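Chemist: Predicted model, plus sequence, below.
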Amino acid sequence: DVVMTQTPLSLSVTPGQPASISCKSSQSLLHSDGKAYLYWYLQKPGQSPQLLIYEVSNRFSGVPDRFSGSGSGTDFTLKISRVEAEDVGVYYCMQSIKLPRTFGQGTKLEIK
Amino acid sequence: EVQLVESGGGLVQPGRSLRLSCAASGFTFSSYEMNWVRQAPGKGLEWLSYIGGSGTTTYYADSLKGRFTISRDNAKNSLYLQMNSLRAEDTAVYYCAREELDGLDYWGQGTLVIVSS
């Protein structure tokens, strides 16, 4: 299985400050079609996960532009340019280049 | 508006069976592949199973070892997960999720399954 490793596992951020989460995969997520199948989700407290970023860097419908994704191959990053209170929750990366789909352990974002 | 509503969870004894349902609305259900994902209490996300739009193609996590079966009824806009020989470690919130862009774009609110005697 493709192992997804996120760092850090938790972070505490002051509102208005940036935040960054790393996700590393045990195998390249680059497909022969040129796309990398890496996704980012946010699970707010008491809610189901919601898609933020698909295929590394594309924001899903309705996702604020303070969220951005980057990376290639096996190293990926989610950045929040200016954290807001509503951004609290657990962030997960997920790969879908191979079955089974696998998720990172999650990164818990808290507000200072 | 895309909506996915799971049901069928509850308390079940080890070794027994349970069938989860996911009612879909707001999109053409038969045109989309669907998945089940679970989350044990306080834990992360675990992908379980996939089914193609017509229902003929299915995939499962190896960890399920043939105990779970995914199916769908496109006429009823519904997705199912038949769970047999349930174990304590199957205790989790079970989510159905629509597949789009080769990822999971919309998720239901989840249904809690507790396996305990």
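Modeler: Structure received.
Chemist: Please name the residues that touch the closest residue in space to A:Ser96 that isn't next to it in sequence.
Modeler: Closest residue to A:Ser96 apart from its sequence neighbours, by CB to CB, 6 or more residues apart in numbering or on different chains: A:Tyr37 at 4.4 Å. For glycine as for every other residue, the C-beta is placed from the backbone atoms N, C-alpha and C. Taking CB atoms under 8 Å, 6 or more residues apart in numbering or on different chains as the contact definition, A:Tyr37 lies against A:29, A:31, A:55, A:95-97, B:102-103.
Chemist: A:Cys93 too?
Modeler: A:4, A:6, A:21, A:23, A:38-41, A:76, A:78, A:103-104.
Chemist: if we look at chain B, which of these are close to it?
Modeler: A:39, A:41, A:103-104 (CB under 8 Å from any CB of the partner chain).
Chemist: Please flag which of those residues sit within strands.
Modeler: A:39, A:41, A:103 (DSSP state E).
Chemist: okay if I get the residues you listed as TSV plus neighbour count?
Modeler: Compiled in TSV, these are given as follows (neighbours: other CB atoms under 10 Å in any protein chain shown):
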residue	neighbour count
A:Tyr39	29
A:Tyr41	27
A:Phe103	22
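Chemist: Around chain A, which positions in chain B sit nearby?
Modeler: Proximity of chain B to chain A (CB under 8 Å from any CB) is limited to residues B:35, B:44-47, B:50, B:59, B:61-62, B:95, B:101-110.
Chemist: Just the buried subset of those residues, please.
Modeler: B:35, B:44-47, B:50, B:61, B:95, B:102-108, B:110 (16 or more other CB atoms under 10 Å in any protein chain shown).
Chemist: Farthest pair within those?
Modeler: Farthest apart among those by CB to CB are B:Asp102 and B:Gly110. That separation is 22.4 Å.
Chemist: hang on, A:Gln6 in a strand?
Modeler: Yes: assessed with DSSP: H, G, I helix; E, B strand; the rest coil, A:Gln6 lies in a strand.
Chemist: can I assume B:Asn84 is in contact with B:Ser17?
Modeler: Yes: judged on CB atoms under 8 Å, B:Asn84 makes contact with B:Ser17 at a distance of 4.7 Å.
Chemist: Out of these two, name the residue with the larger neighbour count.
Modeler: Neighbours per residue (other CB atoms under 10 Å in any protein chain shown) separate B:Asn84 from B:Ser17, with B:Asn84 holding more: 14 against 11.
Chemist: got the contact list for that one?
Modeler: Shown in contact with B:Asn84 (CB under 8 Å, 6+ apart): B:17, B:67-69.
Chemist: Now it, what are its backbone angles?
Modeler: phi -110, psi 160 (degrees, to the nearest 10).
Chemist: quick one: pLDDT of the most centrally placed residue in chain A?
Modeler: In chain A, the residue lying closest to the centroid (CA atoms, centre = their mean) is A:Trp40, at 3.3 Å. Per-residue confidence (pLDDT) for A:Trp40: 98.
Chemist: who's it bridged to?
Modeler: Assessed by DSSP bridges, A:Trp40 has beta-bridge partners A:Ile53, A:Cys93.
Chemist: still on that earlier bit, of the ones next to chain B among the contacts of A:Cys93, which is the nearest to B:Val12?
Modeler: Within those, distances to B:Val12 taken as CB to CB reach their minimum at A:Phe103, with 25.4 Å.
Chemist: Residues in a beta bridge with residue 5, which ones?
Modeler: Going with chain A. Assessed by DSSP bridges, A:Thr5 has beta-bridge partners A:Lys24.
Chemist: hmm, I had chain B in mind actually
Modeler: B:Ala23.
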